[in-house]
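Engineer: heads up, no residue letters with this:
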């Protein structure tokens, strides 16, 4: 499948260190980047957008990016179908800071404004939601991880034990219920 990536009306080439940029983290577009130097951008999947990422999970005009006083950018969701998130949290309007992960539909982008950061690595979790509009999508369910992770302390990652503990308990409970039902059937109906 050929995937095209456009930055409408902008020259591509060497990026200047002083301008912020968006770097695509999601496959198959991983590594593509957009230098941000204009006052505002329309971001979406159609070619008429200033920044066009032709992904089916993005709306035709997904969000606006507007330069703010300090030279950074603010993201304004435009009522997109699959929403806009910054670091996993759904937003309406929010200012980006260095190393933020901007998720538009299922496409993840790293905001790099060249500021010094203590972040050493960036992980992504990308999926395409095939659920019809109005239903819970897989990306919405990923936010449940944040709920469980926050209860174990700030900054800690979930251990593999916690990852498998809940499904294992559900399986054990299901087996116990099946055993009890089978025992009752055997006791009352088999003579």
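Structural biologist: That came through fine. Note that the structure is a prediction, hence the values are computed from the model and not measured.

Engineer: hey, where'd the strands end up in the protein?
Structural biologist: 6-7, 21-24, 33-35, 40-44, 51-52, 63-67, 73-77, 84-86, 89-91, 93-95, 101-104, 107-112 (DSSP state E).

Engineer: sheet partners, orientation included, of the fourth one?
Structural biologist: Strand 40-44 has the following sheet partners, assigned by DSSP bridges: strand 51-52 (parallel), strand 63-67 (antiparallel).

Engineer: and the biggest helix by length in the chain, what's its mean pLDDT?
Structural biologist: Among the elements of the chain assigned as helix by DSSP state H, the one spanning the most residues is helix 160-189. Average pLDDT, helix 160-189: 83.

Engineer: and that helix, what other elements does it pack with?
Structural biologist: Taking 3 or more Cβ pairs under 8 Å, 6 or more residues apart in numbering; DSSP states H and E as the contact definition, helix 160-189 has no neighbouring helices or strands. Every residue, glycine included, has its C-beta placed from N, CA and C.

Engineer: rewinding a little: now the strands paired with strand 40-44 as a markdown table including distance to residue 89 and mean neighbour count?
Structural biologist: Below are the strands paired with strand 40-44 laid out as a markdown table (distance: least, Cβ to Cβ, whole Å; neighbours: other Cβ atoms under 10 Å):
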| stretch | distance to residue 89 | mean neighbour count |
| --- | --- | --- |
| strand 51-52 | 22 | 21 |
| strand 63-67 | 15 | 20 |
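
Engineer: could you dump those strands into JSON lines with mean pLDDT added?
Structural biologist: Supplementary listing: the strands paired with strand 40-44 in JSON lines, determined by pLDDT from 0 to 100:
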{"stretch": "strand 51-52", "mean pLDDT": "92"}
{"stretch": "strand 63-67", "mean pLDDT": "95"}
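
Engineer: for residue 175, find the nearest of those strands.
Structural biologist: strand 63-67 (47.2 Å; Cβ to Cβ).

Engineer: quick one: that closest one to strand 73-77, angle?
Structural biologist: Using axes from the mean of the first three to the mean of the last three Cα atoms, to 10 degrees, the interaxial angle of strand 63-67 with respect to strand 73-77 works out to 160 degrees.

Engineer: hang on, the earlier thing: rebuild the strands paired with strand 40-44 as TSV, extending it with distance to residue 76.
Structural biologist: As requested, the strands paired with strand 40-44 are exported to TSV (distance: least, Cβ to Cβ, whole Å):
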stretch	distance to residue 76
strand 51-52	14
strand 63-67	4
